[in-house]
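>>> attaching a predicted model along with its sequence, questions to come.
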Amino acid sequence: MNNLTFGRFTPFNTVVHRLDPRNKIFLVILLMVSIFLKVDVWSTTLIMSAFLLFILIIFMLLARVSFISLFKSLKTMWMLLIFLFIIYIFIPNATYNPEHIAFYIGTYGINYDAFFQVGYIFIRIVMMLMITMILTSTTSPMNLTYGLEWYMSPLKLVKFPAHIVAMTLSIALRFIPTLLDETDRIIKAQSSRGVDFQRGGFIKRFGAIISLIIPLFVSAINRSEELSNAMEARGYDPYAKRSRYRILKFHWKDLFALILVLAIFGGVLTLVIYDKNVAQVDFIFWIFGAKPLF
């Protein structure tokens, strides 16, 4: 459980850590939109995905996010990949072409498109995980709360509780690593008492999971009650007018990061708009001696 880094803030003094949280939230949204923009030609899709992956790797290096933790987090996705591959094999989409057969299983042909579709989905999932890790690893829960509240501040005109919602989201993000640590502690405690989470039939594994879930829920409820009591003891009032010790400011490095990500987003958007008007050769299928998909 400790391998999962979603929600874990690492207090380094990198340039990514020092960015304005409001700017980081906006840049994350732009990068996520860029990832999900899709072009029709596979060669362009591959080049665009490789470029975005390269940019995110650079951002992870700048933010000092652990690649080992990223790889360990991806171990849980193998079943998802197998499931997606089975779907694309037996439920081909509109791009299915009998001329693009990779190999046969008996009399049933496996299309190249199944491999590329699953690979493309997997790359997008990896990039989404990388973006999320960069945001949560470089932004403290309090700064994330300030950033979300700033974006929701216009809704205060219609009496929307922006501060309460932002604080709730921040606490939820902060509790994710805490609950993961608690889960790991309970698993070790139950294993020392003879509970086997790895072997056994369905009934035995179900009982093992129950022995994990019930203490976890009790621990989560107790921690939430302790947190609410601590906030009340410190005089926290969500409806009171609040001042802040740290004032968020937009610096030159935020402007540089904004221009850089806007340029990346603009380049991806340009490829999406003008891709159909440019004659291209799908070199992926050309390598295997097949005709282009488009």
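Perfect, thanks for sending it.
>>> ok now stretch 225-239, how far from the chain's centre?
31 Å (CA atoms, centre = their mean, to the nearest Å).
>>> alpha carbons of it, in PDB - could you do that?
Extracted in PDB, the C-alpha atoms of stretch 225-239 (Å, rounded to 0.1, in the frame of the first residue of the first chain):
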ATOM      1  CA  GLU A 225     -14.100  12.300  14.600                       C
ATOM      2  CA  GLU A 226     -10.700  13.200  16.000                       C
ATOM      3  CA  LEU A 227     -10.200  15.700  13.200                       C
ATOM      4  CA  SER A 228     -13.500  17.400  13.700                       C
ATOM      5  CA  ASN A 229     -12.900  17.700  17.400                       C
ATOM      6  CA  ALA A 230      -9.500  19.200  16.800                       C
ATOM      7  CA  MET A 231     -10.900  21.700  14.300                       C
ATOM      8  CA  GLU A 232     -13.600  22.700  16.800                       C
ATOM      9  CA  ALA A 233     -11.100  23.000  19.600                       C
ATOM     10  CA  ARG A 234      -9.100  25.500  17.500                       C
ATOM     11  CA  GLY A 235     -12.200  27.600  16.800                       C
ATOM     12  CA  TYR A 236     -12.700  26.700  13.200                       C
ATOM     13  CA  ASP A 237     -15.800  28.300  11.700                       C
ATOM     14  CA  PRO A 238     -16.300  27.600   7.900                       C
ATOM     15  CA  TYR A 239     -18.700  30.500   7.600                       C
END
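>>> okay, buried residues for it please.
Buried positions in stretch 225-239, judged by neighbour count with 16 or more other CB atoms under 10 Å: none. Where C-beta positions appear, they are placed from N, C-alpha and C, glycine not excepted.
>>> stretch 17-37 too?
17, 19-28, 30-31, 34-35.
>>> could you single out the nearest of these to residue 181?
Lowest distance from residue 181 to these (CB to CB) belongs to residue 17, with 22.5 Å.
>>> and the pLDDT for the spatially closest residue to residue 190 that is not a sequence neighbour?
In space, and not counting its chain neighbours, residue 190 is closest to residue 211: 5.4 Å by CB to CB, 6 or more residues apart in numbering. Note for residue 211: predicted pLDDT of 82.
>>> next structured bit after the one helix or strand residue 211 maps to?
Element membership for residue 211, per DSSP states H and E: helix 202-233. Remark: after helix 202-233, the chain's next helix or strand is helix 252-274, criterion DSSP H and E.
>>> for that following helix, which outside residues touch it?
15, 18-20, 23, 26-27, 30-31, 33-34, 37-39, 44, 48, 52, 55 (CB atoms under 8 Å, 6 or more residues apart in numbering).
>>> if we use 7 Å, what do you get?
With CB atoms under 7 Å, 6 or more residues apart in numbering as the test, helix 252-274 has contacts from 15, 18-20, 23, 27, 30-31, 34, 37, 39, 44, 48, 55.
>>> quick one, strands of the stretch 1-150 of the chain?
101-105, 108-111 (DSSP state E, counting those that start in this stretch).
>>> for the one residue sitting closest to the centre of the chain, give its distance to residue 272.
By CA atoms, centre = their mean, the chain has its centre lying nearest to residue 129, at 3.1 Å. Taking CB to CB, to the nearest Å as the measure, residue 129 falls 23 Å from residue 272.
>>> just residue 198 next, same as before
46 Å.
>>> who has more neighbours, those two?
Counted by other CB atoms under 10 Å, residue 198 and residue 272 do not tie: residue 272 has more neighbours, with 16 against 7.
>>> model confidence for that one, exactly?
On the pLDDT scale, residue 272 is placed at 78.
>>> the one 5 residues further on too?
The predicted local confidence for residue 277 comes out at a pLDDT of 53.
>>> do the same with residue 58
92.
>>> neighbours around it, how many?
Residue 58 has 10 nearby residues by other CB under 10 Å.
>>> report the buried residues of stretch 194-201.
For stretch 194-201, a neighbour-count test (16+ other CB under 10 Å) marks residue 195 as buried.
>>> keeping just the C-alphas, turn that stretch into CSV.
Extracted as CSV, the C-alpha positions of stretch 194-201 are listed here (Å, rounded to 0.1, in the frame of the first residue of the first chain):
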residue,chain,number,x,y,z
GLY,A,194,-3.2,-16.1,11.0
VAL,A,195,-5.4,-14.4,8.3
ASP,A,196,-4.2,-15.3,4.8
PHE,A,197,-5.0,-12.6,2.2
GLN,A,198,-3.1,-14.4,-0.6
ARG,A,199,-4.4,-18.0,-0.7
GLY,A,200,-7.6,-19.9,-0.2
GLY,A,201,-11.0,-20.2,-1.9
